[in-house]
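K.L.:
Predicted model, plus sequence, below.
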Number of protein chains: 2
Amino acid sequence: MSAINRQFLLARRPEGRLRESDFDYREAPVPAPGPGEVLTRTLYLSIDPANRVWMFPDPTYRPPIEPGEVMAGFTLNEVVDSRDARFRPGDLVECDGGWQDYAVLPGDALHELEPRKPLSHWMSVLGVTGKTAYFGMLEVGRVRAGETVLVSAAAGAVGSFAGQIAKLHGCRVIGIAGGPEKCRWLTEELGFDAAIDYQSGNLSERLAACCPEGVDVYFDNVGGAVFQAALFRMKTHGRIVCCGCVSILDTETPPPRLLGVPGLLPIRRLRLEGFIVMDFYGRRRQAEQALAGWVAEGRLKVREDIIDGLENAPRALMGLLHGANIGKRMIRVAPEPSVRG
Amino acid sequence: MSAINRQFLLARRPEGRLRESDFDYREAPVPAPGPGEVLTRTLYLSIDPANRVWMFPDPTYRPPIEPGEVMAGFTLNEVVDSRDARFRPGDLVECDGGWQDYAVLPGDALHELEPRKPLSHWMSVLGVTGKTAYFGMLEVGRVRAGETVLVSAAAGAVGSFAGQIAKLHGCRVIGIAGGPEKCRWLTEELGFDAAIDYQSGNLSERLAACCPEGVDVYFDNVGGAVFQAALFRMKTHGRIVCCGCVSILDTETPPPRLLGVPGLLPIRRLRLEGFIVMDFYGRRRQAEQALAGWVAEGRLKVREDIIDGLENAPRALMGLLHGANIGKRMIRVAPEPSVRG
């Protein structure tokens, strides 16, 4: 066991592309655990796009990493010394151990793992990566057999599992990745139905060729231009699983609000959902009865903006588009007939 | 009954802002119904932002209106003459009757309505408008009592009902509208908790002041800058109901792909949903068992990109952000310990 704790700290908030000088390296003494704390030794450190997200000044699902703090990261650690009765030396734990050899953490921040060969599976297929692919594809994307599923960063950690999980569930799966080696791996080794190399251009055309009927589920890991191209290939009632936006995280000239759509969606777990009323027409009577009841009870007010004469229709529409109406605008084309008894 | 059928036709696809010259006016003979068809007379013509959407060349949930065709629009019509046994003169029907005095339509395209006073309620609170507000707020937005709900174009037809429906369900409701008259109507007549006049600037600041804890449900009728400002006020697990995008429909310089986010969402009823795996951690064992089972069966392949040495962490992250990895990247910080039995 080395007697020092090697650590990487965030030296400063990156401006533009991340550089090595944005990190400080330090050798510190191995810390001692206090009451209820556990000293752990890092075995594996996960490297994820989320690491870059945490460097921005905005809080996400965790506070931002401040300059001078140890760089944060998911780790697989071995317990070395414990002052929490639930843990003893040799136990394996998953935690937010950071970029260092040793971490002292409260027992409540550790998730115990069973020993397993190879241990690295707790970082990949069984770790945050595999579980992200599993819940994202099955619970958020709700894929069904026969659907067409598109995955970006498909040769990356989450993407390669996400696509395989969709295949396991009877979907047709197309992966987007950078370069022929990655694309070959997807189709020849992982059983993807097709792979598109986004680096060779014409992404939209090749998407249209691969998915002529459109896409049911797009599992988005990248955001940016690939997200845009996929958006226009979606089928009616398609679902986009917003998992990440690596394409816009680390650029020389980041967009002014880096984390809009789709970047803010995973951070806040937002759902944006489009609808038109015709989808609910089988239940129209339910709505009509509820609405008419609220009107009769005086709980819902109706303001109508009635303009007489078909000849006013173009002006009425043009005004509506720029906010001229209050309440519901309509044209009275003919007087109301006497209602038949 | 006038002997002519006044009609407005789409003269040409609008370029930039809609003009009266984009329409042609024509007087045509009143048509006669064929077998299975019904001659109807228009009583009310609904004026909706959707009318403008249908003028674009792209198909939406209906084919685009072609130049030379009668302008499309939802109407409330009275049956004049019928060759479908289900309808007789005097019946009231809701249909896509268009901008004209008389329409001949197949019986299957008519929805019969009961007589009701005033008839105009079938165009407003009980029509497409009210039902859009009803299903959008309750089924898509799934509002719950105590939530904070934000509505844009809140003095418009759909928005004014949507906000009132949220109030009826125990929500705190803030409306965004243009001008003091509309804002006064929302708070003084409709019972909205607050109203923000987007025309008086500083929308983001006033949103923050009105919704200090953030927004649970944003019912978006406008898209554009208001959508952006609302997006950044959303709470974790917030829902954005994408109902329309009137702010970007009719502009001198429309964006290159007018109907991206959020415009394409209602047209294709897309769902974009962000997530992080921690939300599912209560079910982590389920995922681990399924994933490990698929690996054991050889149905899920695991490619790990293991880099030795903590000293390589910064470079490993920088490479990952630009696609250097295939499969799951991690740092091996220490050799695997002998697993405890």
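P.N.:
Arrived safely, thanks for sending. Residues are numbered from 1 along each chain as shown, chains lettered A, B, ... in the order given.
K.L.:
going forward, measure contacts and count neighbours with C-alpha atoms only.
P.N.:
Fine.
K.L.:
per-domain residue ranges of chain A.
P.N.:
Using automatic domain parsing, the domain parsing of chain A gives A:4-114, A:128-274, A:278-332.
K.L.:
among the ones you listed, which is nearest residue B:227?
P.N.:
Closest approach to residue B:227 among the domains of chain A (CA to CA): domain A:128-274, 10.5 Å.
K.L.:
Tell me the gap between that closest one and the middle of its chain.
P.N.:
Relative to its parent chain, domain A:128-274 has a centroid offset of 10 Å by CA atoms, centre = their mean, to the nearest Å.
K.L.:
One more: stretch A:44-59?
P.N.:
14 Å.
K.L.:
what about dumping the CA coordinates of it to CSV?
P.N.:
Presented in CSV, the C-alpha positions along stretch A:44-59 are these (Å, rounded to 0.1, in the frame of the first residue of the first chain):
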residue,chain,number,x,y,z
TYR,A,44,-11.6,1.6,-10.5
LEU,A,45,-12.5,5.2,-11.5
SER,A,46,-15.3,5.7,-14.0
ILE,A,47,-14.7,8.3,-16.7
ASP,A,48,-18.1,9.7,-18.0
PRO,A,49,-19.3,12.8,-19.8
ALA,A,50,-21.1,13.7,-16.6
ASN,A,51,-17.7,14.5,-15.2
ARG,A,52,-17.5,17.5,-17.6
VAL,A,53,-21.1,18.6,-16.8
TRP,A,54,-20.2,18.8,-13.1
MET,A,55,-17.5,21.4,-13.9
PHE,A,56,-20.0,24.0,-15.0
PRO,A,57,-21.0,26.5,-12.4
ASP,A,58,-24.7,25.6,-12.4
PRO,A,59,-25.9,23.0,-9.9
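K.L.:
packing partners for the one helix or strand residue A:131 maps to?
P.N.:
Assessed by DSSP states H and E, residue A:131 sits inside helix A:128-135. Helices and strands touching helix A:128-135, by 3 or more CA pairs under 8 Å, 6 or more residues apart in numbering or on different chains; DSSP states H and E, are helix A:157-168, helix B:284-296.
K.L.:
Ok, which of those helices comes nearest residue B:27?
P.N.:
Closest among these, using CA to CA: helix A:157-168, at 57.4 Å.
K.L.:
quick one: strands adjacent to the following helix or strand past that closest one?
P.N.:
Per DSSP H and E, the first helix or strand lying C-terminal to helix A:157-168 is strand A:172-177. As defined by DSSP bridges, the strand partners of strand A:172-177 come to strand A:148-151 (parallel), strand A:194-197 (parallel).
K.L.:
Which positions in the last one come out as buried?
P.N.:
Buried residues in strand A:194-197, counting neighbours by 16 or more other CA atoms under 10 Å in any protein chain shown, are found at A:194-197.
K.L.:
Export these as JSON lines, with columns for pLDDT and distance to residue A:47.
P.N.:
Converted to JSON lines, those look like this (pLDDT from 0 to 100; distance: CA to CA, whole Å):
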{"residue": "A:194", "pLDDT": "98", "distance to residue A:47": "27"}
{"residue": "A:195", "pLDDT": "98", "distance to residue A:47": "24"}
{"residue": "A:196", "pLDDT": "98", "distance to residue A:47": "25"}
{"residue": "A:197", "pLDDT": "97", "distance to residue A:47": "23"}
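K.L.:
Switch those residues over to JSON lines; also include distance to residue B:162.
P.N.:
As requested, the buried residues of strand A:194-197 are exported to JSON lines (distance: CA to CA, whole Å):
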{"residue": "A:194", "distance to residue B:162": "44"}
{"residue": "A:195", "distance to residue B:162": "44"}
{"residue": "A:196", "distance to residue B:162": "43"}
{"residue": "A:197", "distance to residue B:162": "45"}
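K.L.:
quick one on the thing from earlier: make JSON lines out of the strands paired with strand A:172-177 and add distance to residue B:164.
P.N.:
Output for the strands paired with strand A:172-177, formatted as JSON lines (distance: least, CA to CA, whole Å):
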{"stretch": "strand A:148-151", "distance to residue B:164": "39"}
{"stretch": "strand A:194-197", "distance to residue B:164": "48"}
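K.L.:
Nearest to residue B:167, out of those?
P.N.:
The nearest among the strands paired with strand A:172-177, by CA to CA, is strand A:148-151 at 39.2 Å.
K.L.:
hmm, who's touching that closest one?
P.N.:
By CA atoms under 8 Å, 6 or more residues apart in numbering or on different chains, the surrounding residues in contact with strand A:148-151 are A:143, A:159, A:162-163, A:166, A:171-176, A:211, A:214-221.
K.L.:
ok, back up a step: export the helix holding residue A:131 as PDB, just CAs?
P.N.:
Extracted in PDB, the C-alpha atoms of helix A:128-135 (Å, rounded to 0.1, in the frame of the first residue of the first chain):
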ATOM      1  CA  VAL A 128     -24.100   3.300 -13.500                       C
ATOM      2  CA  THR A 129     -23.400   2.700 -17.200                       C
ATOM      3  CA  GLY A 130     -25.400  -0.500 -17.600                       C
ATOM      4  CA  LYS A 131     -28.200   0.600 -15.400                       C
ATOM      5  CA  THR A 132     -28.500   3.800 -17.300                       C
ATOM      6  CA  ALA A 133     -28.900   1.900 -20.500                       C
ATOM      7  CA  TYR A 134     -31.400  -0.600 -18.800                       C
ATOM      8  CA  PHE A 135     -33.700   1.900 -17.200                       C
END
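K.L.:
ok, and what's touching that helix?
P.N.:
By CA under 8 Å, 6+ apart, helix A:128-135 touches A:123-125, A:157-159, A:161-162, A:165, B:276-277, B:280, B:284, B:287-288, B:291, B:328.
K.L.:
I figured residue A:303 was touching residue A:325, is that so?
P.N.:
No - in this structure, residue A:303 is not within contact of residue A:325 by CA atoms under 8 Å, at 10.2 Å.
K.L.:
Mind pulling the model confidence for the residue positioned nearest the centre of chain A?
P.N.:
Closest to where the C-alpha atoms of chain A average out (CA atoms, centre = their mean) is residue A:243, at 2.0 Å. Predicted confidence (pLDDT) at residue A:243: the value is 96.
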